[in-house]
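Enquirer: sequence unknown, structure follows:
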């Protein structure tokens, strides 16, 4: 999963990036996108690795992208380069300033920053849609594609994001190849002062996020960056002083998984124990494709052991002997914690 961090000048975006990744990228340093990867903690993977003792243990991973220089303090429009960089992300995370900054003349205005960013994304998407509709006068696309772009134009002109449209309202197969920003999941991080780190999102912000089909969370990047650099044994006490029970990274991962409605399934063996993130509701054949396209193309069946069943019996052999292994077809909906063995033929 690639999550792009964007924000107006002074929002603390790079400090948030450092907090989440454990890196120490200089604040205010321009240039290209900076990357940092984070393993998604999962006690189930830890337990499976102890049992199988594999050569390799692979956790699900989030790649954070700190996108530099896309906004100025005056909230000017997105640069062409920034549009491309943001469009390459699977999830957009807007860091909004909710703390006093003596270096800036402006007061904190996280709602204003969210609306300004949303407007820029609307305009960028509308430009693409209108360009496609103009071209349609010459190349005469099929009626369903034309209807999809007309629906997108209508939605964007109402200042609503494309992500607000369900798959029944919008056939997204026509979106492939286009980097529509408002169809990306959006997570807004309210970057606060230390004293307000444990307070919930304001009701007004929660209402605006709901209207934009987006999610939000709160953190105090400056202090949590310091905590993230501490020995893990000392972190809990400092978080407790802030009124928090888990780190910014843990809260962010949980929020991002909820926003994308992700679960994890596992593959196990002597060579590797691995977690695979998957959209909830995906069938067994789709899960096979996450592992390798050949497995999806030649899918025969999935042999499934729910994680709790595996723990109950302690080994695959014991599960087989008890007759608790499930043999499922391509339409079986994969559940969180399923251990899968895919049988295929190509």
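Expert: Looks like it arrived, so ask away. Since the structure is predicted, the reported quantities are computational estimates derived from the model, not experimental observations. Residues are numbered from 1 along each chain as shown.
Enquirer: leaving out sequence neighbours, find the closest residue to residue 16.
Expert: Leaving aside its sequence neighbours, residue 16 sits nearest to residue 221 (C-beta to C-beta, 6 or more residues apart in numbering; 4.5 Å). For glycine as for every other residue, the C-beta is placed from the backbone atoms N, C-alpha and C.
Enquirer: quick check: that neighbour vs residue 20, distance?
Expert: 9 Å (C-beta to C-beta, to the nearest Å).
Enquirer: give the residues shared as contacts by the two.
Expert: residue 248 (C-beta atoms under 8 Å, 6 or more residues apart in numbering).
Enquirer: show me where the protein has its helices.
Expert: For the chain, the helices defined by DSSP state H cover 13-21, 43-52, 80-87, 110-139, 143-157, 203-211, 221-228, 232-241, 248-260, 284-291, 293-297, 307-313, 316-321.
Enquirer: burial count for residue 346?
Expert: 10 (other C-beta atoms under 10 Å).
Enquirer: next, the contact list for it, please.
Expert: 294, 297, 298.
Enquirer: what's the closest of those residues to residue 195?
Expert: Nearest to residue 195 among the contacts of residue 346, counting by C-beta to C-beta, is residue 294 at 54.5 Å.
Enquirer: isn't that closest one right next to residue 344, touching?
Expert: Yes. Contact between residue 294 and residue 344 holds when scored by C-beta atoms under 8 Å: they sit 6.8 Å apart.
Enquirer: out of those two, which sits in the more crowded spot?
Expert: Neighbours of residue 294 and residue 344, each counted by other C-beta under 10 Å, are more numerous for residue 344; the result is 17 against 14.
Enquirer: that one and residue 320: what is the separation?
Expert: 20 Å.
Enquirer: give me the pLDDT for residue 80.
Expert: pLDDT, residue 80: 76.
Enquirer: make that residue 193, sorry
Expert: At residue 193, pLDDT is 92.
Enquirer: residues contacting it?
Expert: 98, 99, 100, 220.
Enquirer: where does the stretch 1-150 of the chain have low pLDDT?
Expert: 28-31, 69-78 (pLDDT under 70).
Enquirer: in the contacts of residue 193, which residue is surrounded by the most others?
Expert: For the contacts of residue 193, neighbours tallied by other C-beta under 10 Å; top is residue 220, 27 neighbours.
Enquirer: ok, and the closest non-adjacent residue to that residue?
Expert: residue 197 (3.8 Å).
Enquirer: for the one you found, give me its contacts.
Expert: 218, 219, 220, 223, 224, 242, 243, 244.
Enquirer: ok, now how distant is it from residue 224?
Expert: Distance from residue 197 to residue 224, by C-beta to C-beta: 7 Å.
Enquirer: cool, and residue 10?
Expert: 18 Å.
Enquirer: out of the contacts of residue 197, the closest to residue 276 would be?
Expert: Using C-beta to C-beta, those come closest to residue 276 at residue 219, 27.7 Å.
Enquirer: report how many residues lie close to the residue nearest to the closest one when sequence neighbours are not counted.
Expert: Of all residues not flanking residue 219 in the chain, residue 248 sits nearest, at 4.4 Å (C-beta to C-beta, 6+ apart). Neighbourhood size, residue 248 [other C-beta under 10 Å]: 24.
Enquirer: same deal with residue 88?
Expert: Per other C-beta under 10 Å, the neighbour tally for residue 88 reads 13.
Enquirer: ok, residue 125 next?
Expert: Residue 125 has 24 nearby residues by other C-beta under 10 Å.
Enquirer: chain center to stretch 41-54: distance?
Expert: On the basis of C-alpha atoms, centre = their mean, to the nearest Å, stretch 41-54 sits 24 Å off its chain's mean C-alpha point.
Enquirer: buried stuff in it?
Expert: For stretch 41-54, a neighbour-count test (16 or more other C-beta atoms under 10 Å) marks 44, 45, 48, 49, 52, 54 as buried.
Enquirer: do the same with stretch 335-346
Expert: Those would be 337, 338, 339, 340, 342, 344, for stretch 335-346 by 16+ other C-beta under 10 Å.
Enquirer: now distance to residue 113 too, for these, in TSV please.
Expert: Putting those into TSV (distance: C-beta to C-beta, whole Å) gives the following:
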residue	distance to residue 113
337	38
338	40
339	44
340	42
342	45
344	48
